[in-house]
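Undergrad: I would like the atomic coordinates for the input below:
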Amino acid sequence: MPRYVALLRAINVGGHVVKMDQLRRLFEKAGFSGVETFIASGNVIFDTRATNGSALEKKIEMVLRGALGYDVSTFLRTDAEIARIAAHPPFPPLKLHDARTLNIGFLKARLDAASTRALMAFTSDVDDFHTHEREIYWLCRVGQSDSKFSNVKLEKAIGATCTFRNITTVTKLAAKYPGR
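TA: Got it, this is the predicted structure:
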């Protein structure tokens, strides 16, 4: 049975507070099994026999909209995909070593050429970017609060929603839920 990681946008940010036990119950009520949450930032791990990721994302978004009263964009990856994402080398080691943080942005689909150019226009002395599959790797050389880049600006530039996780979170997810 496939195991998925749902990366939820707008959970416990911007005044939207959702308890993790409530989130687990919502996923269980939706028919998923083995439901667990990982840190309180909208990471839900679950099992299901369904294999259509896009249909699952829509189902989860409908359930959460109905229960919470606002839109929660959902980005699904299998446990094996999370492991590959965590292991992907987006930048040379020296560049990574000198950076303050590395974040991974999760998208529903790969960026097209125009959206990739729009993303790369944010490259600066502070920020660097790399795309791979359905992910954006954002290297920030200083504290994120000192960066001019933001998720709001990104989404406007590429015309798509995205949610970011720190590489530490993604690496821990990959270690705790290795691909089956």
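
Undergrad: if I pick residue 174, what's in contact with it?
TA: 79, 82-83, 85-87 (CB atoms under 8 Å, 6 or more residues apart in numbering). Where C-beta positions appear, they are placed from N, C-alpha and C, glycine not excepted.

Undergrad: and if we set it to 7 Å?
TA: 82-83, 86 (CB atoms under 7 Å, 6 or more residues apart in numbering).

Undergrad: Which of those fall within helices?
TA: Cross-referencing the contacts of residue 174 against helices under DSSP state H gives 82-83, 86.

Undergrad: picking up where we left off before, is it possible to mark the buried ones in the contacts of residue 174?
TA: Buried members of the contacts of residue 174, scored by 16 or more other CB atoms under 10 Å, are 82-83, 86.

Undergrad: is it possible to export these to JSON lines including pLDDT and distance to residue 55?
TA: Converted to JSON lines, these look like this (pLDDT from 0 to 100; distance: CB to CB, whole Å):
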{"residue": "82", "pLDDT": "98", "distance to residue 55": "20"}
{"residue": "83", "pLDDT": "97", "distance to residue 55": "23"}
{"residue": "86", "pLDDT": "97", "distance to residue 55": "26"}
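
Undergrad: Please parse the chain into its domains.
TA: Per automatic domain parsing, the structural domains of the chain span 3-82, 88-176.

Undergrad: For the chain, name the helix or strand with the lowest mean pLDDT.
TA: When the helices and strands of the chain are scored by mean pLDDT, DSSP states H and E, helix 93-98 comes last with a mean of 85.

Undergrad: for the very next helix or strand once past that one, packing partners?
TA: Proceeding N to C from helix 93-98, the next assigned helix or strand is strand 101-106, under DSSP states H and E. Applying 3 or more CB pairs under 7 Å, 6 or more residues apart in numbering; DSSP states H and E, we find strand 101-106 packed against strand 135-140, strand 163-166, helix 167-176.

Undergrad: Let's check: the centremost residue of this protein is which one?
TA: The centroid of the chain falls nearest to residue 106 when counting by CA atoms, centre = their mean (4.0 Å).

Undergrad: one step back: pipe the helices and strands packed on strand 101-106 into a markdown table and attach distance to residue 94 and mean pLDDT per row.
TA: Listed next are the helices and strands packed on strand 101-106 as a markdown table, based on distance: least, CB to CB, whole Å; pLDDT from 0 to 100:
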| stretch | distance to residue 94 | mean pLDDT |
| --- | --- | --- |
| strand 135-140 | 12 | 97 |
| strand 163-166 | 20 | 96 |
| helix 167-176 | 16 | 97 |
